[in-house]
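> Okay, predicted coordinates and the sequence, questions at the end:
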There are 2 protein chains.
Amino acid sequence: MKLLIVGGVAGGASAAARARRLSEEAEIIMFERGPDVSFANCGLPYFIGGEIADRDKLLVTTPERLQSRFRLDVRTRSNVEAIDRVARTIRVKNLVTGREYEESFDKLILATGAAPFRPPLPGMDLPGVYTLRTLQDTDHIKQRVDQGVKQAVLLGGGFISLELAENLHRRGIATTIVEKNQQILTPFDPEMTTPIVAELAKKGISLLLGESAEAIEQSAAGLVVCLSSGQRLTAQLVIFGVGVRPENALAVGAGLAVGARGGIQVNEYLQTSDPDIFAVGDAIAVQDVISGESTQVPLAGPANRQGRIAADNALGRMVKYRGTQGTAILGFFDRTAAITGAAEKTLRRAQRPFRKVYIHPAHHAGYYPGAEAMTLKILFDPTTGQLLGAQGVGGAGVDKRIDVLAVAIQAGMTVFDLEEMELAYAPQYGSAKDPINMAGFVAGGLIRGDHPQIDLDEVLTALASSTAEPPFLLDVRLPTEFSAGHIPGAVNIPVDDLRSRLSEIPSGRKIVTYCQVGQRGYLATRILVQAGFPAVNIGGGFKTFQLFQATR
Amino acid sequence: MKLLIVGGVAGGASAAARARRLSEEAEIIMFERGPDVSFANCGLPYFIGGEIADRDKLLVTTPERLQSRFRLDVRTRSNVEAIDRVARTIRVKNLVTGREYEESFDKLILATGAAPFRPPLPGMDLPGVYTLRTLQDTDHIKQRVDQGVKQAVLLGGGFISLELAENLHRRGIATTIVEKNQQILTPFDPEMTTPIVAELAKKGISLLLGESAEAIEQSAAGLVVCLSSGQRLTAQLVIFGVGVRPENALAVGAGLAVGARGGIQVNEYLQTSDPDIFAVGDAIAVQDVISGESTQVPLAGPANRQGRIAADNALGRMVKYRGTQGTAILGFFDRTAAITGAAEKTLRRAQRPFRKVYIHPAHHAGYYPGAEAMTLKILFDPTTGQLLGAQGVGGAGVDKRIDVLAVAIQAGMTVFDLEEMELAYAPQYGSAKDPINMAGFVAGGLIRGDHPQIDLDEVLTALASSTAEPPFLLDVRLPTEFSAGHIPGAVNIPVDDLRSRLSEIPSGRKIVTYCQVGQRGYLATRILVQAGFPAVNIGGGFKTFQLFQATR
């Protein structure tokens, strides 16, 4: 049994180690184009910023260690040029010596990864223009930063750009992020990015939305990034983080099927259209577990697990990969944004009916010092309550709640299950009614009809409408809260006075209540509905309004 | 509809608020013996220690607020003396005026809680001897501490005693914990408490195991606690935290069924043996979701959720309580210990077959600064892999993993599901292979037979046996690690040399491998098994040995 693995980072190295554990007999050769295997991709920005001081820390393992521990034949600086599927061989080029040779295989695993997209712009090849993928990219960028950079421009407002922005800020570099969409972090729904946008502003990092680069020019002060609006940004460092493309050339050359977006197509056993050839990681198209769509999710966690499964199957097991749910997280200074499952945009595209709720809890008991605020949004089936997606943004404790919700999605649980979750409570860690329980209560109340809710988007549309009669908008907070800011057009009756002031509520009109985070508004709808008024509450209240307001 | 609620803290206050939300018409009266409602029970030790500076923070809500917001008739300092089930009335005593009166009910919810057990020892009533349950207890203890206490003795080594120990230490008080069992934190398996015991020692807090108080005497220096061993401990403050007993007198007086350990018996709708009378919280016996046993779990989370469900059902819904899985957490200085589901002792008592694995991962990627160590132990069905329980101890990130595992238990998931979990990974939060995935891999490998493991307890027993031939104990770490400490009797062959030194392995004997945390030992068993040796690995390796060693 001779197993060849193309690519030696997350998926490839996982596959190789797993294969050796399963078989001491197999001949296992791993080819890697670069000089390093299994490096800590997700740590690269933090080495540039200096948070990770020791470059060796980025090397999860070395070819030598893989060789001695796993008896792997690791060949770095070796590019696999072609696959001959009939002869069952690959052609390899040693990038150091230039020598080309063939290697036969019984099974082949492709873990070729994805490459940062480099748009074909004038000036892309100027010194000082980079993408960030490898340790070598990192070394080049860090060297430049170490030599002194005053201004940087990051193209793209995704995870890596934001991580880079934090680290360049740490190095004292005036940084601008340019994003062609109207929001950063496009896997998230736009309103959930508001706290991260606010943090950018707080740190003095510029953000230009709806803008893209058209050319890069050399100037006396370094580089000039020419934007679609005509604006020109001077910088000594320009990094493109506008997405990645699956490295599919080898697969395409061998006639293996690839998807519309270029990902190598695999079945549930991670077999390509040639059953002896497997593919894993950023190079493949995976099935989204919620929408069922074929999609690309270039993340380290799935790549590692896929590597393991491909090795199992290459060695004759039949293990299924269950698909990917897109769990991802961003740390940005002391802010966290995390997502799992589907976002609204995904569900709309898949024409999947859903409802949503927002809550704004503290990450642990409010009576214990240090409670940090967060916003949680969950998306669920309007009938069954099945959880479809979740997003969280805030400080401490966001990662925990998204992980809990990721498991709930994996298990096919409903919002009613969230109500019953028995999570660990002591005042340093959570609340007797954890944010997860609260999200369940709010969503469960919506489905059961106890807590009729209206989406803020719908309210804003109705208020802006010139044809239909707008709803009666009732702010049930205290007068001090109301005067500090409210949704335009709202009338203020504090919830504690509502029972005695029901005569002020107009009949024959839809009543929309809200408070600060949703709880008093909920009680208000209970009072109003039981008094015969058609009342609905704005889930998440004024805080949700503030998230949306910033995106308009 | 007239609903009476006895008890106004977690379960009672939750039930009252929920009932009002469901019905504006219902007449709702809540009786509370003490002066406060809904106070933050779990915060009391931190107010004594000064971490929570403002006493008002402990008042989650006030009778006045419940009255104005929820139109509840809240009667504090009102003791419910008896229930007349035939007349459907209760007798109430106003503890301020002494007046007694009757109140009729349609439905009644008992949320009487549990009282700290006060053993009938000589000297229990001396000034300076306390239990901690109410705000008044807290005030008394804090006053004493503020006046100056040099030494304190805490009887019982449970959650509250440890939280108190931390807070008394913060106040500069020399503190001794006395626990009659051979371990602290009895819901945990003993070896999992080792890191907390080490932290006690590090902070200079004395711990006496296997000891109990027999009497308390007055002395010139304050009090003397006389222990079973004859030892005498001088202290100016003595606090008993030796468990709680359900406050069942009212229920018993009314002829309602109570369990063997005193908890009021309820069905899945939280109805007592009288279907119009519900009971919730620390006062009731609940069903353990793993063992099916009737048990008592005095925790705030379940009490809150039960209050909500009892209100639903009192108002005519039919909502089931699913049972309790005993998720609990302790913060002790910067250490965390958490548990969910069954411990080994529970499974043994229930004669439920199980296997276990230990892992010792870092809480986030090791290459990012600040990774903290933890130990995770999971218990699972040896055939199906269904998760039965989990315990974690360490620093940051323990709470997250136990919450994830709590959800997995709730969902009936298996260790194979843990392998596939897609949790949020960035280097500040986790690893590409999260500790949860790792636990799944180790347990899955055990069940599949890929990774044969032996429990350390069994190894230690076999090594101590004078009759049977001991196993060949193979330490596959580096010589430097071996010489820094190893399991007595072990032979050292580093895993990287093992393939070339197989001739040194005896045939015809059971081979037990181990390394530092289990991973190299796992590879060693793979090599040995494939070479024909009957090898098994010690799960969790030398670190697990160290946890056990301290308990022996």
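Done, it's in.
> Domain-wise, how is chain A divided?
Following automatic domain parsing, one gets these domains for chain A: A:2-115+A:245-314, A:129-242, A:334-448, A:453-549.
> mind checking the end-to-end distance for the second one?
Spelled out, it's domain A:129-242. Length of domain A:129-242, first residue to last, Cα to Cα, to the nearest Å: 13 Å.
> for the longest one, same thing?
Distance between the two ends of domain A:2-115+A:245-314: 10 Å, counting by Cα to Cα.
> Is chain B within reach of it?
Yes: Domain A:2-115+A:245-314 is in contact with chain B by Cβ under 8 Å from any Cβ of the partner chain, via A:10, A:20-25, A:40, A:42-43, A:46, A:51-52, A:57-58, A:60, A:68-71, A:299-305. To be clear about C-beta, it is placed using only N, CA and C from the backbone, and glycine gets the same treatment.
> Give me the buried entries from those.
By neighbour count, with 16 or more other Cβ atoms under 10 Å in any protein chain shown, the residues of domain A:2-115+A:245-314 next to chain B hold A:10, A:20-23, A:40, A:42-43, A:46, A:51-52, A:57-58, A:60, A:69-70, A:299-305 as buried.
> which stretches of the stretch 1-150 of chain A form helices?
A:10-22, A:44-49, A:63-70, A:135-147 (DSSP state H, counting those that start in this stretch).
> any idea of the mean pLDDT for the shortest one?
Model confidence over helix A:44-49, given as mean pLDDT, is 96.
> can you check the last one too?
Model confidence over helix A:135-147, given as mean pLDDT, is 96.
> and if you look at stretch A:230-247?
Mean predicted lDDT for stretch A:230-247 stands at 96.
> which of the domains of chain A sits most buried?
Mean neighbours per residue, mean count of other Cβ atoms under 10 Å in any protein chain shown, is largest over the domains of chain A for domain A:334-448, with a mean of 23.
> which residues of the stretch 451-552 of chain A score low on pLDDT?
Nowhere does the stretch 451-552 of chain A drop to pLDDT under 70.
> where does it come near chain B, residue by residue?
A:Val495, A:Asp496, A:Arg499, A:Tyr522, A:Leu523, A:Arg526, A:Ile527, A:Gln530, A:Ala531.
> Among these, which one lies nearest to A:Val149?
A:Tyr522 (51.2 Å; Cβ to Cβ).
> Now do the strand or helix carrying that closest one against helix B:63-70, angle only.
Using DSSP states H and E, the element containing A:Tyr522 is helix A:519-530. Angle of helix A:519-530 versus helix B:63-70, following axes from the mean of the first three to the mean of the last three Cα atoms, to 10 degrees, is 50 degrees.
> so A:Thr304 touches A:Gly12, yeah?
Just so we're on the same page, residue A:304 is Asn rather than Thr. No: at 10.3 Å, A:Asn304 does not count as touching A:Gly12 under the criterion of Cβ atoms under 8 Å.
> Find residues that contact each of those two.
Common neighbours of A:Asn304 and A:Gly12, using Cβ atoms under 8 Å, 6 or more residues apart in numbering or on different chains, do not exist here.
> now the strands for the stretch 151-300 of chain A?
A:151-155, A:174-179, A:206-209, A:213-219, A:222-227, A:232-235, A:237-240, A:244-246, A:277-279, A:286-287, A:294-295 (DSSP state E, counting those that start in this stretch).
> What distance do you get for A:Gly210 to chain B?
To chain B, A:Gly210 is 27 Å away according to Cβ to the nearest Cβ, to the nearest Å.
> From A:Ala350, how far out is the closest residue to that residue other than its chain neighbours?
Closest residue in space to A:Gly210, ignoring its immediate chain neighbours: A:Gln182 at 5.5 Å, by Cβ to Cβ, 6 or more residues apart in numbering or on different chains. As judged by Cβ to Cβ, to the nearest Å, A:Gln182 and A:Ala350 stand 22 Å apart.
> what do you get for A:Leu299?
Here the criterion is Cβ to Cβ. By it, A:Leu299 lies 20 Å from A:Ala350.
> Compare the helices of the stretch 1-150 of chain A and give me the one nearest A:Asp106.
The closest of the helices of the stretch 1-150 of chain A to A:Asp106 is helix A:10-22. By Cβ to Cβ, the value is 11.6 Å.
> In PDB, list the C-alpha atoms belonging to the closest one.
The C-alpha trace of helix A:10-22 is given here as PDB (Å, rounded to 0.1, in the frame of the first residue of the first chain):
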ATOM      1  CA  ALA A  10      -3.300  21.200   8.100                       C
ATOM      2  CA  GLY A  11      -5.200  18.600   6.100                       C
ATOM      3  CA  GLY A  12      -2.100  16.900   4.600                       C
ATOM      4  CA  ALA A  13      -0.200  16.600   7.800                       C
ATOM      5  CA  SER A  14      -3.200  15.300   9.700                       C
ATOM      6  CA  ALA A  15      -3.800  12.700   7.000                       C
ATOM      7  CA  ALA A  16      -0.200  11.500   7.000                       C
ATOM      8  CA  ALA A  17       0.000  11.100  10.800                       C
ATOM      9  CA  ARG A  18      -3.400   9.400  10.900                       C
ATOM     10  CA  ALA A  19      -2.400   7.000   8.100                       C
ATOM     11  CA  ARG A  20       0.800   6.000   9.900                       C
ATOM     12  CA  ARG A  21      -1.100   5.300  13.100                       C
ATOM     13  CA  LEU A  22      -3.400   3.000  11.100                       C
END
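> by contact count, what packs against that helix?
For helix A:10-22, the packing partners by 3 or more Cβ pairs under 8 Å, 6 or more residues apart in numbering or on different chains; DSSP states H and E come out as strand A:2-6, strand A:27-31, helix A:63-70, strand A:107-110, helix A:300-314, helix B:519-530.
> Columns distance to A:Gly222 on top of these, output as CSV?
Below are the helices and strands packed on helix A:10-22 laid out as CSV (distance: least, Cβ to Cβ, whole Å):
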stretch, distance to A:Gly222
strand A:2-6, 38
strand A:27-31, 38
helix A:63-70, 37
strand A:107-110, 39
helix A:300-314, 33
helix B:519-530, 47
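> Would you mind giving the strands of the stretch 151-300 of chain A as TSV with distance to B:Phe441 added?
Below are the strands of the stretch 151-300 of chain A laid out as TSV (distance: least, Cβ to Cβ, whole Å):
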stretch	distance to B:Phe441
strand A:151-155	37
strand A:174-179	38
strand A:206-209	41
strand A:213-219	44
strand A:222-227	46
strand A:232-235	45
strand A:237-240	36
strand A:244-246	27
strand A:277-279	19
strand A:286-287	20
strand A:294-295	26
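> By mean pLDDT, show me the worst of those.
strand A:294-295 (a mean of 92).
> give me the beta-bridge partners of the closest residue to A:Pro479 other than its chain neighbours?
Take A:Pro479 and drop its neighbours on the chain: the residue closest to it by Cβ to Cβ, 6+ apart is A:Asn492, 6.1 Å away. Counting by DSSP bridges, A:Asn492 forms beta bridges with A:Asp475.
> Quick check: A:Asn492 vs A:His486, distance?
Distance of A:Asn492 to A:His486, given as Cβ to Cβ: 7 Å.
> Can you check which residues contact both of the two?
Both A:Asn492 and A:His486 are contacted by A:Asp475, A:Arg477, under the criterion Cβ under 8 Å, 6+ apart.
> check contacts around the closest residue to A:Leu474 other than its chain neighbours.
Of all residues not flanking A:Leu474 in the chain, A:Thr513 sits nearest, at 4.7 Å (Cβ to Cβ, 6+ apart). Counting by Cβ under 8 Å, 6+ apart, A:Thr513 touches A:Leu474, A:Asp475, A:Val476, A:Gly521, A:Ala524, A:Thr525, A:Leu528, A:Ala535, A:Val536, A:Asn537, A:Ile538.
> Report the contact partners of the spatially closest residue to the last one that is not a sequence neighbour.
Once its chain neighbours are removed from consideration, A:Ile538 has its nearest residue in A:Tyr514; the separation is 3.9 Å (Cβ to Cβ, 6+ apart). The contact partners of A:Tyr514, by Cβ under 8 Å, 6+ apart, come to A:Leu473, A:Leu474, A:Asp475, A:Val476, A:Ile487, A:Ala490, A:Gly521, A:Asn537, A:Ile538, A:Gly541, A:Phe542, A:Phe545.
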